[in-house]
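*Asks:* Return atomic coordinates for the entry below.
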Amino acid sequence: MSIFNNALSGTLAAKTALTVTSQNIANVMTPGYTRQGVLLGAVVARQNSVLGGGDGVQVSSLIRFSDGYKTQQLWQSASNLARHATSQPYVTQLEQVLGDDASGINSGLDGFFSALNAASVEPSSNPLRQQVITAAEGLAQRFNSLARVLSAQRLSVAQQRTTVVGQINVTTAGIAELNARVALAVATGANASELIDERDRKIDELAAMVSVQVVDQPDGTRSVMLRDGQPLVVGANASTVAVQGHPDGSQTLSLDFARQTFEIAGDRLGGQLGGLHDIESAVLAPLRQSIAEMASEIATRFNAQLAAGHTPGGAPGDLGYADMTQGPLFVFDATSGTGMLAVRSGVMAEDLAFSSSPTEPGNNDNLLAMIDLKNQPITVSSLGTVLLGDAHTQLVSNVGMYSKQNQAALSTAQTVRDQATESWKSVSGVNSDEEAVHLIEYQQMYQANLKVIAVANELFDSVLSSF
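*Replies:* Purely as a prediction, here's the structure:
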């Protein structure tokens, strides 16, 4: 009977191996599926004899072909790729807006100074003076249009951040639920491979939203934390990430777990949240401040220069303006996000003080001083000291440089992600050719053991017939 039992154990082992192989083949196109295999082991002979051939074969366990290091690399690459991919659309839009020759600030400055140059030929001409006012309004509109774009992008960043945080909370809750199911399967000896695959896919999704650290636990669960150690998932418990908005339009993040609240630093988030923080802190905020500083310098300097001159009627340029911050031509409002620069309401062509002498209406000395302001240095926080005519060009150059650097980083991150994916597949992915070989091998094993059973039956029938 030992021949029969051995063959029967071989048949059952081959059947299990064929089942596992068929599962691999069925999931050859399933994203994130980890291939499995069988670990076969000979059964130690129970007969206490040197002639005991053994008691067959058994499937000691199922093997899940997974490399923890490669999986961690896959998650890290997902985070880096999402970080750069998230910020690039914002930078691309800014490049297009800032680089538009027709509607850019440089075009407005050129138009304004062209109008001033034209007026310098005949300073007493009201039509030429009116062109100066019109060009000043066009310049203000360009500043305000750019400010509106920046405000819209900031609002979009805030909305996207709120959406991503909501997705993070849903994903961490799913990981916690899968942790509980995996722990139960491990405790009862069930095969948890599919549950682990689903959990790994969710962790990969989470890593694309924010950088994570993952630690395996003895019970089969995985603890997921932020880069700085704040817990997102521990066992079957998930945290809750929240966004707090502030009156100035800024946002901060916090994490609630086990009745404790942790503040989240934006500069170490990674993933989509990291990309949103990068574009907001490294591009939008400095650019918004720089544009406001340029508008303030233009308003202050041109108003001050006009205040030093005289109108065609001989009146001082600052006559009737007790508060010189409002100025005779430009009005600057630092608190406005969309109307930071404007031309004073009601300003008339005859109000422009182009003359340096109250008795010489045709004098253009003060007007020439205004034209020379284009070549005067101004201070912009993100640029330092630059000429007024060069400030916007350097801002455009800075945004373009950031865009190129981010595009290069994005390309590198995509390459790393592709390599990490291929590296993961080399261990965990299903190879159709390899599974086809296994299918034939286990089929032959199954058929061979059936042949042994047939031989054992013949021998048994021969023994019975001898009696």
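
*Asks:* nearest spatial neighbour of L178, skipping sequence neighbours?
*Replies:* R199 (4.1 Å; Cβ to Cβ, 6 or more residues apart in numbering). All C-beta atoms are positioned from the backbone trio N, CA, C, and that covers glycine.

*Asks:* what's near enough to touch the one you found?
*Replies:* Going by Cβ atoms under 8 Å, 6 or more residues apart in numbering, R199 touches I175, L178, N179, V182, R222.

*Asks:* what's the answer for S466, then?
*Replies:* S466 neighbours (Cβ under 8 Å, 6+ apart): none.

*Asks:* Any stretches of the protein with poor pLDDT?
*Replies:* 1, 47-53, 317-327, 337 (pLDDT under 70).

*Asks:* Of all the helix elements in it, which one is longest?
*Replies:* Looking across the chain with DSSP state H, the single longest helix is helix 126-188.

*Asks:* Distance from it to the middle of the chain?
*Replies:* Relative to the chain's own centre, helix 126-188 is displaced by 11 Å; criterion: Cα atoms, centre = their mean, to the nearest Å.

*Asks:* before we move on, what about stretch 98-109?
*Replies:* Distance of stretch 98-109 from its chain centroid, counting by Cα atoms, centre = their mean, is 29 Å.

*Asks:* Other residues contacting it?
*Replies:* 97, 135, 138-139, 141-143, 145-146, 291, 294, 374, 388-389, 392-393, 395-396, 399-400.

*Asks:* please redo it, this time with the cut-off set to 6 Å
*Replies:* G138, L139, R142, H392, V396, V399 (Cβ atoms under 6 Å, 6 or more residues apart in numbering).

*Asks:* And it, end to end?
*Replies:* With Cα to Cα, to the nearest Å as the measure, stretch 98-109 spans 13 Å from end to end.

*Asks:* As a markdown table, the contacts of stretch 98-109 with distance to A118 would be great.
*Replies:* Conversion of these to a markdown table gives the following (distance: Cβ to Cβ, whole Å):
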| residue | distance to A118 |
| --- | --- |
| G138 | 14 |
| L139 | 15 |
| R142 | 19 |
| H392 | 22 |
| V396 | 26 |
| V399 | 32 |
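
*Asks:* Next, give phi and psi for V38.
*Replies:* phi -110, psi 140 (degrees, to the nearest 10).

*Asks:* Repeat that for I63.
*Replies:* Taking degrees, to the nearest 10 as the convention, I63 sits at phi -100, psi 130.

*Asks:* So the closest residue to it other than its chain neighbours, which state does it fall into?
*Replies:* Spatial nearest neighbour of I63, excluding adjacent residues (Cβ to Cβ, 6+ apart): G37 at 4.2 Å. Three-state assignment for G37 (DSSP: H, G, I helix; E, B strand; the rest coil): strand.
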